[in-house]
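> sequence first, predicted model second:
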Amino acid sequence: MEMRAPNTKLFFYFLLLLLCFLNPALAQDVQKLEPTEVVATPLDAIGSRDTTRPVQIITESELKTEQRRYTDALNSLGGVQARLEGSPIISIRGSQSSARTLVMQDGIPLNFSDGVGFNPLFVATENLGSLALLRGPSSSLFGRDAMSGVLDFQSQQLERPKFYSGYGSFNTQQNFVGVPIKSENTSAQVTAYQTRTDGNFPYRVQRNSASGTRARNDSELLRSTLSAQGQADRVQWKTYHLIARQIGSTPQDINTPAAGTAFNNWGSLSAFSANVKIDETINLKSRTSFKYLDQRYNDQGTGRSQSLRQGLALSKKFEQVRFEIFDDYSTEFFRAGYLNSEGQSVNLNEVGASVQIPLGESVTLQSAVRVTNDTGTVLPSVGVTGVDENEWRYFANYAEGYRPADVTQKYGSFFGFLGNPSLRPERSREFDIGFEKNVTREVLIHFEAFSRDTFDLFDTRMIGENLTYQNVGRGRASGFEFRSEFHRSDLNGNINLAYLKNEQLDPVASLPLSPQVQASLFLEKTWSTWSIGAQETYWTSYYDRDSFNQLIDMGAWNTLDLFSRHRFTNNFNLRFSALNIFDHPRELRFGYPEPQRSFLIVGEATL
């Protein structure tokens, strides 16, 4: 494979920003933290679990999802790739499939067992407060689909009624209103969101100089949420409800002369969780969630999916040792044209335990194991984190992940295809080590290196007269991620740099290559009522597979996005974004070019 030369302009920017971070004149008010006695090593938390592996928290101001698609924001994070065109994908460290990443909304698992993973209909990015990202296999703590990592989208907790309205390229329109309701022991909020777009956009394909207009991409989305939380005596509780509908069209790839598919989808999500403090050392947690998804297509009929998931966890603290046992049960039902007329049910129960043990005052050990009832899969993990006298935090982890075969792969039946109920789950094993430190009160640096093996990957093979899935693939991903963050009242910035070597150890493996180098740089400056920010994102040595299963060089690409905000009053501000201002072509999935230059202007008011 041909290696492409790195973008020297981007790395010049990286060097310039790094020098700015270290420039004493820039950080004139910054004083280095004096070493302090470490009395405990804090564990990072995501969802309802603690972990020795660092969790990256990305704030709403960094994601700017009301000014751009959330996939563009995710693509600026080291080791993460996302796309909407063709089919939704979230890939962590080269995992490629959304079904290999567990996605949550406010701690509620969103993945179905249909092979698609999560559905964007359930992710309320219009009111996003933060995003928690855990890289690496995490199935011992979170169960199925956490084969490459976990993403948890957290809603913003509104303090006052909020409204925004926006207009942008491709006749994009969006409107949002959110209202908080508070009492002494209870807080709740209601949100409503509407967005529509014509969606048709011109494109250029870098690899073959093709150009044209992608159509039809029109869609309209309506989504509403209701959430509430409170406490009484020893009980803390939370409930979350979402209902959404989206209609529109999805075109075929540019190499297929077809009109595309019209769709009409709607879904609902309901969840209730409680944390009961039995005594000073014992806690009982419970979470129940139900998802329903109805998908109608003009040429493929109707599909219905429903999922009930129940989680229980009991934790006990023995002096400084914390022990937890948990059980996660899910039952799902699917009805689609490729299944038998009665539909198909999937039941899965996962039982596990974890223990956290302090080793002295500055080191914590965590070990966990989970067992599944479907195949008897055993998933262990062990991690250690520590802090030295100079406040450097070090960590090392070994973890395993898995993803069961989906209903299509197991039970699908149509002309020329027959499912394989004997499929073993896909598995992953990863080692990672790293460190991080708040160099000053404003500057954080983080480094992490990893090596992951995947095996029993699914791929189709001809058995007799039918295609069917078999466990035939094996691959290895290794690399590192580095990031540096700078936060001050008038200046914010971050650098992300990731290197990934994604290898096929088995010549028939189905795991395509990911970008070898992924980098981004963000800088935002504030002057009184104005703020201006710039984000550059860069990928190189990026490959994908065509319809003949051949690796195709998609070419390097980089985009420059500009963001500005002006506060007219304390209650009203205007935000503007110009995305991919140099119109650089992108094709993150073969045959599905991404939108090029676009803009969006948003007015926001609070009462």
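Nice, thanks for sending it over.
> contacts and neighbour counts: CA atoms only from here.
Noted.
> what bridges to the nearest residue in space to Ser307 that is not next to it in sequence?
Nearest in space to Ser307, with sequence neighbours left out and distances taken as CA to CA, 6 or more residues apart in numbering, is Glu332 at 4.3 Å. Counting by DSSP bridges, Glu332 forms beta bridges with Ser307, Val346.
> so Glu332 touches Ser345, yeah?
Yes: counting by CA atoms under 8 Å, Glu332 sits close enough to Ser345 to count as a contact (5.6 Å).
> so which of the two has more stuff around it?
Glu332 (20 against 15; other CA atoms under 10 Å).
> can you give me the pLDDT of that one?
We note a pLDDT of 94 for Glu332 in this prediction.
> who's in contact with it?
Residues in contact with Glu332 (CA atoms under 8 Å, 6 or more residues apart in numbering) are 112-113, 305-308, 345-347.
> can you pick out the most distant pair from these?
Ser305 and Asn347 (13.5 Å; CA to CA).
> which of those two has more residues huddled nearby?
Taking other CA under 10 Å, Ser305 and Asn347 do not tie; Ser305 has more neighbours (21 against 15).
> what sits against that one?
112, 291-294, 332-335.
> now it: closest residue in space, sequence neighbours ignored.
Ser305 sits nearest to Phe334 (CA to CA, 6+ apart), 4.6 Å away.
> quick check: which element contains the one you found?
strand 321-335 (DSSP states H and E).
> and for the residue nearest to Asn496 when sequence neighbours are not counted, the neighbour number?
Nearest non-adjacent residue to Asn496, counting by CA to CA, 6+ apart: Arg483, 4.5 Å away. Neighbours of Arg483 under the rule other CA under 10 Å: 20.
> tell me the pLDDT at Arg483?
At Arg483, pLDDT is 95.
> ok, it - contacts?
Going by CA under 8 Å, 6+ apart, Arg483 touches 78, 445-447, 494-497.
> mind giving me the PyMOL select for the residues you listed, buried ones only?
Burial among the contacts of Arg483 is assessed by 16 or more other CA atoms under 10 Å; the matching PyMOL selection reads:
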select buried, resi 78+445+446+447+494+495+496+497
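> okay if I get the contacts of Arg483 as a markdown table plus secondary structure, distance to Ser165 and pLDDT?
As requested, the contacts of Arg483 are exported to a markdown table (DSSP: H, G, I helix; E, B strand; the rest coil; distance: CA to CA, whole Å; pLDDT from 0 to 100):
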| residue | secondary structure | distance to Ser165 | pLDDT |
| --- | --- | --- | --- |
| Gly78 | coil | 31 | 91 |
| Ile445 | strand | 37 | 95 |
| His446 | strand | 37 | 95 |
| Phe447 | strand | 39 | 97 |
| Asn494 | strand | 28 | 92 |
| Ile495 | strand | 31 | 94 |
| Asn496 | strand | 31 | 95 |
| Leu497 | strand | 34 | 95 |
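> what's the closest of the contacts of Arg483 to Trp530?
Asn494 (19.7 Å).
> pretty sure that closest one contacts Glu524?
No: taking CA under 8 Å as the definition, Asn494 is not a contact partner of Glu524, at 9.4 Å.
> wait, Leu269 touches Gln306, no?
No: counting by CA under 8 Å, Leu269 does not reach Gln306; the two are 9.9 Å apart.
> hey, what's in contact with both of those two?
Contacts common to Leu269 and Gln306, judged by CA under 8 Å, 6+ apart, are 290-292.
> now the helices for the chain?
With DSSP state H as the criterion, the chain has helices at 8-22, 60-63, 70-74, 139-142, 407-411.
> which one of these has the poorest average confidence?
Of all the helices of the chain, the minimum mean pLDDT falls on helix 8-22 (a mean of 39).
> show me the residue sitting in the middle of the chain in space.
Centroid-nearest residue in the chain, with CA atoms, centre = their mean: Leu151, separated by 4.0 Å.
> distance of that one relative to Asp145?
Using CA to CA, to the nearest Å, one gets 11 Å for the distance from Leu151 to Asp145.
> related to what we said a few turns ago, any chance of the shared contacts of Leu269 and Gln306 in a markdown table, plus distance to Arg93 and neighbour count?
As requested, those are exported to a markdown table (distance: CA to CA, whole Å; neighbours: other CA atoms under 10 Å):
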| residue | distance to Arg93 | neighbour count |
| --- | --- | --- |
| Phe290 | 30 | 21 |
| Lys291 | 28 | 23 |
| Tyr292 | 30 | 18 |
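> from these, which land in strands?
Members of the shared contacts of Leu269 and Gln306 lying in strands (criterion: DSSP state E): 290-292.
> for Leu133, see how far away the closest residue to Arg234 other than its chain neighbours is.
In space, and not counting its chain neighbours, Arg234 is closest to Lys277: 5.2 Å by CA to CA, 6+ apart. Here the criterion is CA to CA. By it, Lys277 lies 28 Å from Leu133.
> who has more neighbours out of those two?
It is Leu133, of Lys277 and Leu133, that has more neighbours when counted by other CA under 10 Å, with 21 against 16.
> mind listing what the more buried one touches?
55-58, 149-152.
> which residues does it bridge with?
Note on Leu133: beta-bridge partners by DSSP bridges are Gln56, Leu151.
> change the start of the numbering to 877 and stick with it
I'll keep to 877 as the first residue from here, and by that count the last item is Leu1009.
> how far away is it from Ser967?
Counting by CA to CA, the gap from Leu1009 to Ser967 is 12 Å.
> cool, and Val1111?
Using CA to CA, Val1111 is found at 37 Å from Ser967.
> so which of these two has more stuff around it?
Ser967 (22 against 15).
> the more buried one and Ala958 touch, don't they?
Yes: using CA under 8 Å, Ser967 is in contact with Ala958, at 6.2 Å.
> wait, what's in contact with the nearest residue to Asn1159 once chain neighbours are set aside?
Among residues not flanking Asn1159 along the chain, Lys1153 sits closest, at 4.7 Å (CA to CA, 6+ apart). Taking CA under 8 Å, 6+ apart, we find Lys1153 in contact with 1110-1111, 1159-1160.
> need the pLDDT of Lys1153.
We have a pLDDT of 92 for Lys1153.
> where does the stretch 1377-1483 of the chain have low pLDDT?
For the stretch 1377-1483 of the chain, the stretches with pLDDT under 70 are 1383-1389.
> apologies, that question was intended for the chain.
Where the chain drops to pLDDT under 70, the residues are 877-918, 961-963, 1133-1135, 1175-1177, 1383-1389.
> re earlier: so the residue nearest to Ser1181 makes contact with Thr1178?
No: here Phe1210 lies out of contact with Thr1178, judged by CA under 8 Å, at a distance of 10.9 Å.
> between those two, which one's more packed in?
Ranked by neighbour count (other CA under 10 Å), Phe1210 and Thr1178 place Phe1210 first, with 21 against 16.
> contacting residues for that one?
Residues in contact with Phe1210, defined by CA under 8 Å, 6+ apart, are 990, 1179-1182, 1219-1221, 1283.
> now swap in Leu919 and tell me
926-928, 930 are the contacts of Leu919 under CA under 8 Å, 6+ apart.
> circling back to that earlier point, and which of the contacts of Arg1359 is nearest Gly1259?
Nearest member of the contacts of Arg1359 to Gly1259, counting by CA to CA, is Phe1323, at 16.4 Å.
> can you map out the strands along the stretch 1077-1226 of the chain?
Taking DSSP state E, counting those that start in this stretch to define them, one finds strands in the stretch 1077-1226 of the chain at 1077-1080, 1087-1090, 1095-1108, 1111-1126, 1137-1153, 1158-1173, 1177-1194, 1197-1211, 1220-1234.
> now the stretch 877-1026 of the chain
920-922, 925-927, 932-935, 956-959, 965-968, 978-981, 984-985, 1004-1011, 1025-1031.
> turn those strands into a markdown table, columns for distance to Trp1406.
Below are the strands of the stretch 877-1026 of the chain laid out as a markdown table (distance: least, CA to CA, whole Å):
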| stretch | distance to Trp1406 |
| --- | --- |
| strand 920-922 | 34 |
| strand 925-927 | 39 |
| strand 932-935 | 19 |
| strand 956-959 | 31 |
| strand 965-968 | 34 |
| strand 978-981 | 32 |
| strand 984-985 | 37 |
| strand 1004-1011 | 22 |
| strand 1025-1031 | 26 |
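> much appreciated, bye for now.
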